[in-house]
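Novice: sequence below, structure please.
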Amino acid sequence: MAKTIVSGTFGASGQSADFPVMGKFNVLLSGGVATCVLEKSYDKGTTWFGVTDAAGVLVSHVMASDVQLHAVFEEPESGVIYRIDCTWTSGTVTFRLSHN
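Specialist: Down below sits the predicted model:
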């Protein structure tokens, strides 16, 4: 299976490109000052839902220039797409979603 990567930067509020994935995948966020939420869609991007952890808590990360997030998630269902929704404050936020 080919490696899938969606990466880039935020210098303003916005969303990353869509990331279709099934199985385990990595999320990396670093730099800047922002609040970033991992979102998923079951209907090809028409409706987006904030991802929650096993306890039902929204997977939201408050970025500061010296804070970094690296986490591994797993999607058991085919046809689901993910993205990062960033509410930007300052600096440059770097993101990377990857799946092997």
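Novice: only C-alpha atoms from now on, for both contacts and neighbour counts.
Specialist: Fine.
Novice: burial measure for Thr89, as a count.
Specialist: Neighbourhood size, Thr89 [other Cα atoms under 10 Å]: 17.
Novice: so it sits against Cys36, correct?
Specialist: No: between Thr89 and Cys36 there is no contact under Cα atoms under 8 Å: 10.8 Å.
Novice: residue contacts, Gln68?
Specialist: 28-31 (Cα atoms under 8 Å, 6 or more residues apart in numbering).
Novice: where's Arg96, which helix or strand?
Specialist: Using DSSP states H and E, Arg96 sits in strand 93-99.
Novice: how far off centre is the worst-scoring helix or strand of the chain on mean pLDDT?
Specialist: Of all the helices and strands that make up the chain, strand 60-63 has the lowest average by mean pLDDT, DSSP states H and E, namely a mean of 82. From the chain centre to the centre of strand 60-63 is a distance of 11 Å (Cα atoms, centre = their mean, to the nearest Å).
Novice: give me the helices and strands touching it, please.
Specialist: Strand 60-63 is packed against strand 33-41, with contacts defined by 3 or more Cα pairs under 8 Å, 6 or more residues apart in numbering; DSSP states H and E.
Novice: which strands or helices does the strand it packs on pack on?
Specialist: Contacting strand 33-41 under the criterion 3+ Cα pairs under 8 Å, 6+ apart are the following elements: strand 49-50, strand 60-63, strand 81-90.
Novice: mean confidence score for stretch 43-53?
Specialist: When pLDDT is averaged over stretch 43-53, the result is 93.
Novice: now the terminal residues of it, how far apart.
Specialist: One end of stretch 43-53 sits 21 Å from the other (Cα to Cα, to the nearest Å).
Novice: do stretch 16-28 as well
Specialist: 12 Å.
Novice: repeat that for stretch 60-68.
Specialist: 13 Å.
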